[in-house]
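Asker: predicted model follows, preceded by the sequence.
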Amino acid sequence: MIGEIEHYGYVYSVKKLVLTYVLMLASGIIAAYLFRLHLAGYIAISVYLLLITPKLIAQAYKTMYEQRRFSDASKYIEKMLYYFKAHNKIITALSDASLIFPEGEMKDTILQAVDYIYNQDDSIFDKETREYFKNDFTATSTRTVEEKALKIIELKFPNKRIKRMHSFFIKVEENDILGVIVEIRHTNDLISIYQSLKDVSVKVDDKVVQGQIIAKSGTSNINKELGNHLHFELYYKGKIVNPEEYYNKSIDEL
């Protein structure tokens with residue numbers, strides 16, 4: 001039981017547990033006395049209270065934990081909307097929002113998302129997050145780094161309002177430098193990234209097949225003089241590789 005309470009982020013000592021048992025037994029004895037119960041009644045009430053006390057304590061802390069998570073989620077939405085409106089940048093809004101929260105699950109989760117945007121290191125993901133991103137041929141029609149970072153928060157705090165807010169942020173930001181981006185996760189630890197797109201025809205978590213049209217070439221602010229063009233990147237096991245060498249084909253053939 002103490003381990004379960006600690007999982008909720010609270011400290012519950014053995015001394016406090018013993019005191020709780022004493023108080024519960026005392027209340028049971030008083031109740032038995034008031035109802036003029038026989039010895040068997042005293043014993044029955046005492047045994048029942050000893051058995052039910054751990055569940056009552058755990059449930060009380062679980063309720064406090066859920067209330068705190070709800071409060072944190074509501075505050076997160078409020079602050080993120082405020083900071084994103086001020087800066088129009090996801091990373092800046094996350095950094096500012098992290099300062100609002102005291103030490104705890106929400107603050108840790110936001111800081112993990114910020115760390116991922118800066119370092120793009122998948123090793124920081126916990127088991128649940130790694131399982132989510134393990135799906136093959138998953139298309140992401142947004143900036144891949146921010147999408148993954150915000151998904152860390154969504155997985156820790158499942159909430160439709162948070163998910164809708166994140167989706168709005170990504171659509172607004174859309175990468176001013178490289179344009180719209182689609183990331184496709186293939187088998188064999190391969191990831192292909194298409195940048196400077198328009199008219200994207202896939203969405204997050206779509207399954208795509210070879211030869212499928214996912215978007216049209218578009219423009220980006222970093223290479224305005226090129227007009228409509230495509231920027232293509234290929235990653236193998238997290239490291240960028242030369243597509244010509246990997247496929248043994250020229251860019252024109254690819």
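Answerer: Perfect, thanks for sending it. Numbering: from 1, shown residues only.
Asker: tell me which residues touch F101, please.
Answerer: Taking C-beta atoms under 8 Å, 6 or more residues apart in numbering, we find F101 in contact with D72, K75, Y76, K107, I110. The C-beta positions use only the backbone N, C-alpha and C, and glycine is treated the same way.
Asker: go on, S27?
Answerer: L49.
Asker: if we can go back for a sec, next step: the contacts of F101 restricted to helices.
Answerer: Under the assignment DSSP state H, those contribute D72, K75, Y76, K107, I110 to helices.
Asker: and the contacts of F101 as TSV, adding distance to S98 and neighbour count?
Answerer: Below are the contacts of F101 laid out as TSV (distance: C-beta to C-beta, whole Å; neighbours: other C-beta atoms under 10 Å):
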residue	distance to S98	neighbour count
D72	12	20
K75	12	14
Y76	10	25
K107	6	17
I110	4	27
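Asker: and V22, how many residues sit next to it?
Answerer: 10 (other C-beta atoms under 10 Å).
Asker: check the gap between it and G28 for me.
Answerer: Distance of V22 to G28, given as C-beta to C-beta, to the nearest Å: 11 Å.
Asker: and what of S250?
Answerer: Counting by C-beta to C-beta, the gap from S250 to G28 is 83 Å.
Asker: re earlier: export the ones in helices among the contacts of F101 as a markdown table, with columns for pLDDT and distance to G41.
Answerer: Putting the ones in helices among the contacts of F101 into a markdown table (pLDDT from 0 to 100; distance: C-beta to C-beta, whole Å) gives the following:
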| residue | pLDDT | distance to G41 |
| --- | --- | --- |
| D72 | 95 | 45 |
| K75 | 96 | 49 |
| Y76 | 96 | 51 |
| K107 | 95 | 50 |
| I110 | 96 | 54 |
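Asker: returning to what we had before: S250 and G28 - which one has more neighbours?
Answerer: G28 (19 against 9).
Asker: now the more buried one: phi and psi?
Answerer: phi -70, psi -40 (degrees, to the nearest 10).
Asker: list the contacts of it.
Answerer: Y42, I45, S46, Y48, L49.
Asker: the first one: neighbour count?
Answerer: Y42 is flanked by 16 other residues according to other C-beta under 10 Å.
Asker: what lines up beside the single longest strand found in the chain in the sheet?
Answerer: Counting residues, the longest strand in the chain under DSSP state E turns out to be strand 190-198. Strand 190-198 has the following sheet partners, assigned by DSSP bridges: strand 180-185 (antiparallel), strand 216-217 (antiparallel), strand 231-236 (antiparallel).
Asker: next structured bit after the last one?
Answerer: Proceeding C-terminally, strand 231-236 gives way to strand 239-241 as the next helix or strand, assigned by DSSP states H and E.
Asker: for that following strand, packing partners?
Answerer: Helices and strands touching strand 239-241, by 3 or more C-beta pairs under 8 Å, 6 or more residues apart in numbering; DSSP states H and E, are strand 231-236.
Asker: buried stuff in the strand it packs on?
Answerer: Within strand 231-236, the residues that count as buried by 16 or more other C-beta atoms under 10 Å are H231, L234, Y235.
Asker: and the last one, how far from I181?
Answerer: Counting by C-beta to C-beta, the separation of Y235 from I181 is 13 Å.
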